[in-house]
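**Student:** quick one: sequence plus predicted model below, questions after.
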Number of protein chains: 2
Amino acid sequence: MQRTEIATLGEFGLIKHLTEDIELKNESTKYGIGDDCAVMQYPADKQILMTTDLLMEGVHFDLTYCPLKHLGYKAAMVNLSDVYAMNGMPKQMTVSLAISKRFCVEDIEEFYAGLRLACDQHGVDLVGGDTTSSLTGLAISITVTGEAAKEKVVYRHGAQATDVICVTGDLGAAYMGLQLLEREKAVFDAQMREAKNPEEQLQIAQPDFTGKEYLLERQLKPEARRDIILKLAEKDIVPTSMMDISDGLSSELLHICTDSDKGCRIYEERIPIDYQTAVTAEEFNMNLTTCALNGGEDYELLFTVPLADHDKVAEIEGVKVIGYITKKEMGCALITRDGNEFELKAQGWNPLKD
Amino acid sequence: MQRTEIATLGEFGLIKHLTEDIELKNESTKYGIGDDCAVMQYPADKQILMTTDLLMEGVHFDLTYCPLKHLGYKAAMVNLSDVYAMNGMPKQMTVSLAISKRFCVEDIEEFYAGLRLACDQHGVDLVGGDTTSSLTGLAISITVTGEAAKEKVVYRHGAQATDVICVTGDLGAAYMGLQLLEREKAVFDAQMREAKNPEEQLQIAQPDFTGKEYLLERQLKPEARRDIILKLAEKDIVPTSMMDISDGLSSELLHICTDSDKGCRIYEERIPIDYQTAVTAEEFNMNLTTCALNGGEDYELLFTVPLADHDKVAEIEGVKVIGYITKKEMGCALITRDGNEFELKAQGWNPLKD
């Protein structure tokens, strides 16, 4: 494979190379890459949503099993998902990269290919960014802006007692995908250490993930749920509260209940889980419900709607009603298959603890 | 000094601790920290400006001589300066930090103190961000949004032949400040290595920067030129092109000329330079004009105005006319004190060209 050193282009040359053929798609985007700021203009009846995320190599991603194109795609999705979680539509994105010397121009092209694919699929303009060097790993900072009519913006704090609690898609699959990748990485590393020479190293078999494709895709190529936001709008449903599930269902549901000053009941048997997730949890000897409650990175939506909208929301493909909001005094609990109640606890992924 | 481990608070606890007393000041800020997105709303006649920067430890800053409070202040200024450079007023800021284990809660408090001081002085609301961990150094990503009336936004590409070229403040001081700090750091490191025991290490004198305070302040605590933008508005001057000087005057002026498809002439004798900068360049045996042309991090403004505005602009304190825009065919040149012409070259700081 060709390897062009980044120093041959320099910062301005690299940005130009990666972005010169970008065409701006949105009416609200007035000026993109190439000046001190990007310029936007929104109608006065729209509110503007803004979210930002900083992803660090070794903490948020591992390049031994995450190809750079997938990483670009996922880094975009993480932020797009936050705009959908406010019931908005994303419109602009800026991306900043800090790159260490082990990366070449072709690597960054791969990253941008994934990023731009995500932008194209979600109708988002890439309007700016910053490219610089890093002494160590790769750092990625993405900011996304979007829009929603003022009366359509959905916060975390609006849930009301008797509202039904909904989740999209299925949960725990991205987490099981990560377990699989981590296990195979450990096996591969051990085989590399045992190999006596480079020839033996070359003969180490690639891991066989047959039957687990869905889990890997959920981990490596998550999809932000634009489709659900469009369907809610079609049916004229405005959720009373909403979040995306990045840290795990338990953690997010507790955020909604705390911010709304409410309690909740969810039913174990109603939590949507894919067959591959169940089989793999069994294989790893893990509790399936725990994986679905606390596994992160699903990027599904968690939201509440008034009881009156129950029938309308239940008709939407990919949405499952899993419980209901209660008064605060009732606390937050999971009702198990055998009818017991367990208090919900946030065991979501916390990158600053240990 | 007290040292509270960040793990004792966790990500959500740390953000809450650092931001819970923030009061939103701007009409355009509708919702700040605490949900999936920040929410803003701007009048339809305003355009929205957005800029973002990623700063990496060891590349953009050195914590051995840059206190964290100053770093927070400077990280904010770098971005505020980009909004002023579009002739806009900054309104919202998000900040993301990736923190390694050697930092404690008190360190991050210091950083936030500097950041919030900058926000207060410039009327900016801190509306969001992300705090996570890093395996190595500190990474800081800041995004700022702001506003300007559509007809007031100033790009790099609007310079016209015969326009006069203006710069604010003085140039090269931040660069000389950096040279001083780097020299003293090298001296200090050598003394530490030579010291025979911790007692001797404690007796190493702090460097004496008497008479160089201005240079250090320019390096460690730069000020974005809000005052100039306000004065231009007072005098009803809309520059034809503008940039902030972060990489050096030469580099930025070439950007304006290239983007505007023009040439320029600037006069060596007219480049504003502080007395301390001149004395210190002499001390370091460096060419003073080269320092002023290519030294980065001044965060002054470079702009062009029509010749008809010459007298009005010359009245503004802190603005100096240094030359004029020409047709493209004339090229870009510096006219030296002895009347020679030298082609301007971009030798600005390029973080990707080692």
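**Tutor:** Received it, and whenever you're ready, just let me know what you need.

**Student:** just how off-centre is stretch A:285-292 within its chain?
**Tutor:** How far stretch A:285-292 lies from its chain's middle: 20 Å, per CA atoms, centre = their mean, to the nearest Å.

**Student:** avg pLDDT for that stretch?
**Tutor:** Averaged across stretch A:285-292, the pLDDT comes to 95.

**Student:** got it, and stretch A:260-275?
**Tutor:** On average, the pLDDT along stretch A:260-275 is 98.

**Student:** that one near chain B at all?
**Tutor:** No - Stretch A:260-275 lies out of reach of chain B by CB under 8 Å from any CB of the partner chain, never closer than 11.9 Å. All C-beta atoms are positioned from the backbone trio N, CA, C, and that covers glycine.

**Student:** what are the buried residues along that stretch?
**Tutor:** Across stretch A:260-275, burial judged by 16 or more other CB atoms under 10 Å in any protein chain shown covers A:260, A:262-266, A:268, A:271-274.

**Student:** and it, end to end?
**Tutor:** Stretch A:260-275 has an end-to-end distance of 33 Å (criterion: CA to CA, to the nearest Å).

**Student:** check which element follows the worst-scoring helix or strand of chain A on mean pLDDT along the chain.
**Tutor:** Using mean pLDDT, DSSP states H and E, the weakest-scoring helix or strand in chain A turns out to be helix A:198-202, at a mean of 82. Per DSSP states H and E, the first helix or strand lying C-terminal to helix A:198-202 is helix A:213-220.

**Student:** circling back: and the least confident helix or strand of chain A, what's buried?
**Tutor:** Across helix A:198-202, burial judged by 16+ other CB under 10 Å covers no residue at all.

**Student:** alpha carbons only: can I get it in CSV?
**Tutor:** This file holds the C-alpha atoms of helix A:198-202, laid out as CSV (Å, rounded to 0.1, in the frame of the first residue of the first chain):
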residue,chain,number,x,y,z
PRO,A,198,7.9,-13.9,11.0
GLU,A,199,6.9,-16.8,8.8
GLU,A,200,5.0,-18.5,11.6
GLN,A,201,3.4,-15.1,12.5
LEU,A,202,2.1,-14.8,8.9
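
**Student:** name the residues that touch that helix?
**Tutor:** A:192, A:195 (CB atoms under 8 Å, 6 or more residues apart in numbering or on different chains).

**Student:** gap between that helix and the chain center?
**Tutor:** Averaged C-alpha coordinates place helix A:198-202 at 37 Å from its chain's average position (CA atoms, centre = their mean).

**Student:** again with stretch A:215-226
**Tutor:** 7 Å.

**Student:** what about the strands in the stretch 201-350 of chain A?
**Tutor:** Remark: strands assigned in the stretch 201-350 of chain A by DSSP state E, counting those that start in this stretch are A:241-245, A:262-267, A:300-305, A:319-327, A:332-335, A:341-343.

**Student:** these two touch, right, A:T64 and A:E184?
**Tutor:** No - counting by CB atoms under 8 Å, A:T64 does not reach A:E184; the two are 10.0 Å apart.

**Student:** and the longest helix seen in chain A, which residues are buried?
**Tutor:** What stands out as the longest helix in chain A, according to DSSP state H, is helix A:173-194. Residues A:173-181, A:184, A:188 are the ones in helix A:173-194 that count as buried (16+ other CB under 10 Å).

**Student:** remind me what it packs against, helices and strands.
**Tutor:** Here helix A:173-194 touches helix A:213-220, helix A:275-283, helix A:288-294, going by 3 or more CB pairs under 8 Å, 6 or more residues apart in numbering or on different chains; DSSP states H and E.

**Student:** residues in contact with that helix: which ones?
**Tutor:** Identification of contacts with helix A:173-194 by CB under 8 Å, 6+ apart yields A:62, A:64-65, A:201, A:204, A:207, A:209, A:212, A:214-220, A:222, A:273-274, A:276-277, A:280-281, A:284, A:286, A:291, A:294-299.

**Student:** off-centre distance for that helix?
**Tutor:** 21 Å.

**Student:** give me the mean pLDDT for that helix.
**Tutor:** Helix A:173-194 shows a mean pLDDT of 91 in the predicted model.

**Student:** could you check the angle strand A:241-245 makes with that helix?
**Tutor:** Helix A:173-194 and strand A:241-245 are oriented at 20 degrees to each other (axes from the mean of the first three to the mean of the last three CA atoms, to 10 degrees).

**Student:** so which residues of the stretch 1-150 of chain A form strands?
**Tutor:** Going by DSSP E, counting those that start in this stretch, the stretch 1-150 of chain A shows strands at A:29-31, A:38-40, A:46-56, A:89-99, A:125-133, A:139-149.

**Student:** possible to save these as JSON lines with mean neighbour count and distance to B:A346?
**Tutor:** Formatted as JSON lines, the strands of the stretch 1-150 of chain A follow (neighbours: other CB atoms under 10 Å in any protein chain shown; distance: least, CB to CB, whole Å):
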{"stretch": "strand A:29-31", "mean neighbour count": "18", "distance to B:A346": "23"}
{"stretch": "strand A:38-40", "mean neighbour count": "26", "distance to B:A346": "23"}
{"stretch": "strand A:46-56", "mean neighbour count": "25", "distance to B:A346": "30"}
{"stretch": "strand A:89-99", "mean neighbour count": "26", "distance to B:A346": "21"}
{"stretch": "strand A:125-133", "mean neighbour count": "23", "distance to B:A346": "17"}
{"stretch": "strand A:139-149", "mean neighbour count": "26", "distance to B:A346": "26"}
